[in-house]
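Engineer: Next comes the sequence, and after it the predicted model I'd like to discuss.
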There are 4 protein chains.
Amino acid sequence: MPYVGVVGRGGSDVPAAVLSTAEAVGRAVAEAGAVLVCGGRDGVMEAACRGARAGGGLTVGILPGLDRGEANPFVDVVLPTGLGEARNALVARAADVLIAVDGGYGTLSEIALALAAGTPVVGVATWELRRADEGARADAGIVPVGDPVEAVRVALRLAGHRRADQDDEGL
Amino acid sequence: MPYVGVVGRGGSDVPAAVLSTAEAVGRAVAEAGAVLVCGGRDGVMEAACRGARAGGGLTVGILPGLDRGEANPFVDVVLPTGLGEARNALVARAADVLIAVDGGYGTLSEIALALAAGTPVVGVATWELRRADEGARADAGIVPVGDPVEAVRVALRLAGHRRADQDDEGL
Amino acid sequence: MPYVGVVGRGGSDVPAAVLSTAEAVGRAVAEAGAVLVCGGRDGVMEAACRGARAGGGLTVGILPGLDRGEANPFVDVVLPTGLGEARNALVARAADVLIAVDGGYGTLSEIALALAAGTPVVGVATWELRRADEGARADAGIVPVGDPVEAVRVALRLAGHRRADQDDEGL
Amino acid sequence: MPYVGVVGRGGSDVPAAVLSTAEAVGRAVAEAGAVLVCGGRDGVMEAACRGARAGGGLTVGILPGLDRGEANPFVDVVLPTGLGEARNALVARAADVLIAVDGGYGTLSEIALALAAGTPVVGVATWELRRADEGARADAGIVPVGDPVEAVRVALRLAGHRRADQDDEGL
């Protein structure tokens, strides 16, 4: 059973179209039988959890603060960490693959920590990365996809490949 | 739904009587409808998770390493952290109350971190703490109990009190 | 006395021109009387520390592993963390301002965590960030500079502004 | 150059005799040429840093919060972590040996994390630990000493032994 991290902005000013995408991603994660892991708060995280619950899935929220009450109402397993944004490393580590939906700097840190660890990242209208030393070319770390259903399909395929690679390495 | 942390030694040389106690604690946690949180590994953690699963409960394992395969087979939600024993702080923070069964130094750190945060700790045949400045008197932080069923009953009562206190404080 | 974080790739295959830039940055940090904070390892971190030592400055290395011997020989204060790449959050938090020199995904995570916390970031030939929702425009988070001396001059000015802002807010 | 962690209670109500002991420990650490590592705050930590500065030594403070201003005025290298009491694991990991002076639950967590990692711990009028399974016998993890000068002498000897052991193991 794969763990899919869904990352994106918290807060109350996330555009409705982004929330709608996140909800559809969450629903597709649940319908695929995967566990949804996220930062547990509002905004994109809440929308994704709402979708996952509608899809009958299990949701895990790794909170920045110490108060369980910070979690959005659609988180099933609530883990207060008290680490602040350092908990982003835990979201990245708890996931077999990340799906980034839009996102701010905190989201970018989760993307970067995942990529640094070799965890695949799929992006829906999220950050675009360019390395200075490669001129105008985009970095290929984030796999861009066009819609929520494709995001989950590609994410699960990449998560499966990664597990197979690890098995080959004897991990 | 309260989260009960069950802490104790990992490893393959934990005495059978300790494992039996841990399993009964886990079962009672599940039968009370609480979530069991632990360090996810073998020894006391595995016994507690086995008991919880037999009791129909949900188990969460917060692993020290990065490899999901470290988890014992009775963990439902597996969270690799890569933090080593620093993940003990997360076990303490994820729990509304801790039950310590026997235990080594790692367990002692979880007890201490919980007490430092005001999280109640119930102990079954675990560490006994004395402060030098209080002579021969034992520190009253760990609430000693005699058996697994009493441990869970006392733990849930203390977790309930703590929540009520927090509500009074407007937390 | 400001703390300047210098972040970039570790490893033995960092191009000589990048190492040369990092060394000049480290030297300028030291000559400005600032403390250099970094991840403590080889590559860009070692070059920056070598420069800082040549400039008579103090260097702090926040290591990913548990072994003090991982540090490069130019680190004065060696802090093993055992957190792996999660220590990147600590490098970002220990710095009043970051200077990124080139860099891989780990560096990108430090940049993102700093920006998420409101810590200014100066970049010398490093990542270029674009948000999907802003079309082709680059994100303005990383302040691009052309050379090591300018990097440190701009970094210290931004660190000073940030402190002044915090004082105004009563932090 | 060994790193000696000095751990004990923060706060303004630490007894004068405890502060006096901590200051003498800090001074002896500095006079032995070791780096003093601590949690960076007031109480025992401040007294130890004051002693170390009087002895001409270097002090490192690993703070629980994000604000550098939390540090006591005798900390030379200030590292805000934002991890709360989870930073206790970092104090334990940054030290080659710990000296505990008196202490509350936070101190106990640092002692336990150090012992779990094989880092020696010396105690001056600090916690006394008993394992339930060993009846009335005290656990031998904390090496008790009578005064500050002996504490530092024993601590440095133990730190030296530990390093020699690690060298033998090829660490």
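Structural biologist: Received it, and whenever you're ready, just let me know what you need.
Engineer: Can you check which helix is longest in chain A?
Structural biologist: helix A:148-168 (DSSP state H).
Engineer: quick one: buried residues of the lowest-mean-pLDDT helix or strand in chain A?
Structural biologist: One helix or strand of chain A scores below all others by mean pLDDT, DSSP states H and E: helix A:148-168, with a mean of 87. Across helix A:148-168, burial judged by 16 or more other CB atoms under 10 Å in any protein chain shown covers A:Pro148, A:Ala151, A:Val152, A:Val154, A:Ala155, A:Leu156, A:Leu158, A:Ala159, A:Arg162. Just so you know, the C-beta spots here come from the backbone N, C-alpha and C atoms, and that holds for glycine as well.
Engineer: Next up, the contacts around the first one.
Structural biologist: With contacts defined as CB atoms under 8 Å, 6 or more residues apart in numbering or on different chains, A:Pro148 is in contact with A:Thr21, A:Ala24, A:Val25, A:Arg27, A:Ala28, A:Val124.
Engineer: Break down chain A into its strands, ranges please.
Structural biologist: Along chain A, counting by DSSP state E, strands occupy A:3-7, A:35-38, A:59-63, A:77-80, A:97-101, A:121-124, A:128-130, A:142-144.
Engineer: pLDDT of the fifth one, averaged?
Structural biologist: To tie it back to what came earlier, the one meant is strand A:97-101. The average pLDDT within strand A:97-101 is 98.
Engineer: Who are the packing partners of that strand?
Structural biologist: Helices and strands touching strand A:97-101, by 3 or more CB pairs under 8 Å, 6 or more residues apart in numbering or on different chains; DSSP states H and E, are strand A:3-7, helix A:16-31, helix A:105-116, strand A:121-124, helix A:148-168.
Engineer: Equivalent analysis for the second one, please.
Structural biologist: The helices and strands touching strand A:35-38, judged by 3+ CB pairs under 8 Å, 6+ apart, are strand A:3-7, helix A:16-31, helix A:44-54, strand A:59-63, helix A:88-94.
Engineer: Give me the contacts around it.
Structural biologist: A:1-7, A:26, A:29-30, A:45, A:48-49, A:52, A:57-62, A:75, A:91, A:94-95, B:77.
Engineer: A:Val152 contacts A:Gly26, correct?
Structural biologist: No - assessed by CB atoms under 8 Å, A:Val152 is found out of contact with A:Gly26, at 9.2 Å.
Engineer: Any stretches of chain A with poor pLDDT?
Structural biologist: Filtered on pLDDT under 70, chain A yields the residue ranges A:133-136, A:166-171.
Engineer: What parts of chain A come near chain D?
Structural biologist: A:Leu66, A:Gly82, A:Leu83, A:Gly84, A:Ala86 (CB under 8 Å from any CB of the partner chain).
Engineer: Get me the contact residues on chain A for chain B.
Structural biologist: Residues of chain A lying near chain B (CB under 8 Å from any CB): A:3, A:35, A:58, A:60, A:62, A:66-69, A:77-82, A:89-90, A:93-94, A:96, A:117, A:171.
Engineer: circling back to that earlier point, just the buried residues of helix A:148-168 now: which is nearest chain C?
Structural biologist: The closest of the buried residues of helix A:148-168 to chain C turns out to be A:Ala151 (CB to the nearest CB; 13.4 Å).
Engineer: Grab the nearest non-local neighbour of the closest one.
Structural biologist: In space, A:Ala151 comes closest to A:Val145 once its chain neighbours are excluded; the distance is 4.6 Å by CB to CB, 6 or more residues apart in numbering or on different chains.
Engineer: For A:Gly104, see how far away the one you found is.
Structural biologist: 20 Å (CB to CB, to the nearest Å).
Engineer: Residues of chain A that sit close to chain C?
Structural biologist: So chain A meets chain C at A:83, A:85-86, A:88-90, A:93, A:102, A:104-106, A:108-109, A:111-113, A:115-117, A:123, A:125-133, A:141 (CB under 8 Å from any CB).
Engineer: on that earlier part again, angle of the longest helix of chain A against strand A:97-101?
Structural biologist: An angle of 160 degrees separates the directions of helix A:148-168 and strand A:97-101 when computed by axes from the mean of the first three to the mean of the last three CA atoms, to 10 degrees.
Engineer: Distance from the chain centre to helix A:148-168, please.
Structural biologist: Centroid separation between helix A:148-168 and its chain, computed with CA atoms, centre = their mean, to the nearest Å, is 13 Å.
Engineer: ok, now stretch A:52-59?
Structural biologist: 15 Å.
Engineer: and the residue nearest to A:Arg162 when sequence neighbours are not counted, what is it in contact with?
Structural biologist: Spatial nearest neighbour of A:Arg162, excluding adjacent residues (CB to CB, 6+ apart): A:Pro120 at 6.1 Å. Listed by CB under 8 Å, 6+ apart, the contact set of A:Pro120 reads A:Val97, A:Leu98, A:Ala114, A:Val143, A:Ala155, A:Leu158, A:Ala159, A:His161, A:Arg162.
Engineer: contacting residues for the third one?
Structural biologist: In this structure, A:Ala114 makes contact with A:Gly5, A:Ala92, A:Ala95, A:Leu98, A:Pro120, A:Val121, judged by CB under 8 Å, 6+ apart.
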